[in-house]
Every structure is written in structure tokens, then in C-alpha cells.
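[1] Turn this into a structure:
(chains A, B, C and D)
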There are 2 protein chains.
Amino acid sequence: MKNVEIRVQDLVDKLRIKDYRITPQRLAILKTLASTRAHPSVEQIFDKVKVDFPTTSIATVYKTVSLLKDMGELIEFSFGEGSNHYDGRSAVPHPHFICTSCRKIEDIDVPDLEMITEKLAEKENYQITAFQLNFYGKCPDCNR
Amino acid sequence: MKNVEIRVQDLVDKLRIKDYRITPQRLAILKTLASTRAHPSVEQIFDKVKVDFPTTSIATVYKTVSLLKDMGELIEFSFGEGSNHYDGRSAVPHPHFICTSCRKIEDIDVPDLEMITEKLAEKENYQITAFQLNFYGKCPDCNR
DNA sequence: GTACTTGCAAACTTTTTGCAAGAAC
DNA sequence: GTTCTTGCAAAAAGTTTGCAAGTAC
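    Numbers count the residues shown, from 1 in each chain, chains lettered A, B, ... in the order given. Here you go, the predicted model:
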């Protein structure tokens, strides 16, 4: 079974456990979230879901995204401008690089982040539950 | 001369050089930005400015904040909910801790961040111009 | 059949904009 | 006096909500 299908099934199970119903619209939203690395906005999720379900309302997308967010199953990003973006592939926070030229969002690897977080929590007596680390600049493609 | 006054003068000079005019409203906004560590929203800046200039419009605050942002003189934050927040004390990005309970925003120190940024830029061939690093959780006061 | 979900429209929040009157230079 | 800025109100953009009709279970 592919990673995407596993994640969709995972989300379906988690919804069912909480007695939420699996409607075709919701399933389409889950599939969209699980299968993209593009960190889409609600509008972008909506555009994808509309292909299969043209009658879908954007309010439904907002409601489902909000539900998943409350369940801790997706990560929300706010970049200075416009709408929020979401990553539903994994619920674990991770750093990003955002190209200010082409607006592309890439997952990146910052090896020492866990240790840094632990040290900070200990030093300042914080109870840290999440983080947001974004680097902004130009990607190799735009940097010419 | 105090740091706050130096920063206000710095901003005034930079505005004048670009032929922007120093109105009493703008000066009050600059003073508010330079003198708080609270990372206020436009609404909160507006509330402070209104004390001295009750006729000030929130549109004026938006316009001045936007002007300073374009000049690279303040940092904008978007936390998942509500309005953007601003730090006008220094234009240099720096990490924050945000208490999810009392909503307090604190500047923190992450020693290795510069090195991490450099390594990342080199490895991925990014040209990094800014970053945003926020830790979320409970501060010592709320963690009882 | 019951309880939850959808889709629509209206409401709400935050931010931007057009423009006439006013102020900085 | 010229040009920029203000303040107001309207508009725009993003998100939330109430509710009747429809659907998953």
C-alpha cells in the first residue's frame, strides 16, 4: 500500500473513531491533503476537490480542514500575506523553505532542531508543544 | 540618548531620505513601535496612538505599518489566528516563544541559528534572506 | 430513523483602497 | 503652492456561522 493511501486510511480511521462521518467530499479532501507536498491553501484544496465534486462548497473545505486541525492531524502555516496553508501529510511540525520569488514551499531538514528545542525548554522552563521554522529567500531556480 | 529615541530618530531619518513626511500620527506610530517588546498588532498600535491622537484612523496605522514593512524596517508575524503582529524595535529577524495560554510573545536566544542557516543555504543552494522561528507552548507562569 | 454533514447565504474579521479635505514641506 | 497624508467609508479578501435540505450510518 502506498504512503498516500496509508495516510488517507489513517485519517478515515481517526474520523470514524470520533464518530465523524466519511462523506465523499471529506474523502476527496483527505486524498488531496495526503497526496500533495505543495502545502495548499483552502482555496487550492477546494479547486482540486471541485474537479470530482463540482457542487462542493468552500465552506465544507473550511469545516473539514478545521476539524482535522482541531484533531491535530494537520499543520497550519501563515505566511505574511493571503490565506493559510496546510500540510496534511504528517502531523509533525517540520521546517520549510519558502521561495519569495516563485512562492514554492519545500520541506527541509535541520538536523539539530530537536536538541535545540530541548535545550531551550530546559533553560527557560518552557513546555514546548510545537514550532514553526521557515526560511525565506530564493530557490536555486529563481536565483539566476 | 536612549535606545528607543535612537530607533525613532533612525526611522524618522530613513523616512525623510525617501521624501516621506513626518506627521504627528506617523511619529506616534514610530514611538509606539520602537518602545514596546510586546509585538503588537495594528489594532494594538492603533489603541496606543489614539490616546494622544483620538482622531487617528486605523487606515493610517495600516498605511504607515505597510510603508515601514516595505522599507524593511519591521518584522511581520502571522500566528495562525487573527491579525498580524509587528516588531519595529529592530529589523533583524529573531526567534520567539509564544505562550498558547496567555498569548505572550517573548524574544528568545538560539545560539546556533546563524550557522544552521549558512549550512542550509550552502547545502541546498538557497539564497536565504530571512527566517521565522517560533516555538509554541506554555510559559513558566501558565505551566502550573 | 437519527444525527451529522452539506451548501448556500449572510455575517464577521482583517486589510486595502478611492477620494476629498487637510497638512508638511 | 505643490505634493503627500489623513480620515472616512466602501470594498476586498479570508474565514466562520446559522439553518434547511440531504446523506451516512
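[2] Could you list the domains of chain A?
    By the record's domain assignment, chain A is partitioned as A:2-87, A:96-143 (automatic domain parsing).
[3] Just read off the phi/psi values of the nearest residue to residue A:138 once chain neighbours are set aside.
    Here the nearest residue to residue A:138 in space, its sequence neighbours aside, is residue B:127; by Cβ to Cβ, 6 or more residues apart in numbering or on different chains that works out to 4.4 Å. Where you see a C-beta, it was placed from the backbone N, CA and C, and this is true even at glycine. Residue B:127 has phi and psi values of phi -110, psi 100 when expressed as degrees, to the nearest 10.
[4] ok, residue B:127 touching residue B:121?
    Yes - the pair residue B:127 / residue B:121 is scored as a contact, 6.9 Å apart, by Cβ atoms under 8 Å.
[5] Can you check which residues contact both of those two?
    Any residue near both residue B:127 and residue B:121 by Cβ atoms under 8 Å, 6 or more residues apart in numbering or on different chains counts here, and that gives residue A:137.
[6] For residue A:131, give me its contacts.
    A:93, A:113, A:117, B:133, B:134, B:135, B:136.
[7] among the residues you listed, which are in helices?
    Counting by DSSP state H, the members of those that fall within helices are A:113, A:117.
[8] Select from the contacts of residue A:131 every entry located in strands.
    The strands, defined by DSSP state E, take in B:133, B:134, B:135, B:136 from these.
[9] which phi and psi does the residue sitting nearest the centre point of chain A have?
    Nearest to the mean C-alpha position of chain A, counting by Cα atoms, centre = their mean, stands residue A:87 at 1.1 Å. Residue A:87 adopts backbone torsions of phi -120, psi 110, taken as degrees, to the nearest 10.
[10] Need the per-residue pLDDT for residue A:104.
    With respect to pLDDT, residue A:104 has a value of 87.
[11] And the closest residue to it other than its chain neighbours, how far from DNA strand C?
    Nearest non-adjacent residue to residue A:104, counting by Cβ to Cβ, 6+ apart: residue A:139, 6.1 Å away. Distance, residue A:139 to DNA strand C, using Cβ to the nearest atom of the strand, to the nearest Å: 24 Å.
[12] Kindly report the same for residue A:129.
    Here the distance between residue A:129 and DNA strand C works out to 23 Å (Cβ to the nearest atom of the strand).
[13] residues in chain A within reach of chain B, list them.
    Within chain A, the positions lying close to chain B (Cβ under 8 Å from any Cβ of the partner chain) are A:76, A:78-80, A:84, A:97, A:100, A:108, A:110, A:112, A:116-117, A:120-121, A:124-140, A:143.
[14] touching DNA strand D at all, stretch A:83-99?
    Yes - shown here: stretch A:83-99 in contact with DNA strand D (Cβ under 7 Å from any atom of the strand) through A:83, A:84.
[15] Sorry, slip of the keys, the one I care about is stretch A:49-62.
    Yes - for a cut-off given as Cβ under 7 Å from any atom of the strand, stretch A:49-62 has contacts with DNA strand D, namely A:58, A:59, A:62.
[16] Show the average pLDDT along that stretch.
    Averaged over stretch A:49-62, pLDDT sits at 95.
[17] got a list of contacts for that stretch?
    Residues from elsewhere that reach stretch A:49-62 (Cβ under 8 Å, 6+ apart): A:24, A:25, A:28, A:29, A:32, A:42, A:43, A:45, A:46.
[18] residues in contact with the residue of chain A found nearest chain B?
    Closest contact between chain A and chain B, by Cβ to the nearest Cβ, is at residue A:78 (3.3 Å). In this structure, residue A:78 makes contact with A:84, A:85, B:78, B:79, B:80, judged by Cβ under 8 Å, 6+ apart.
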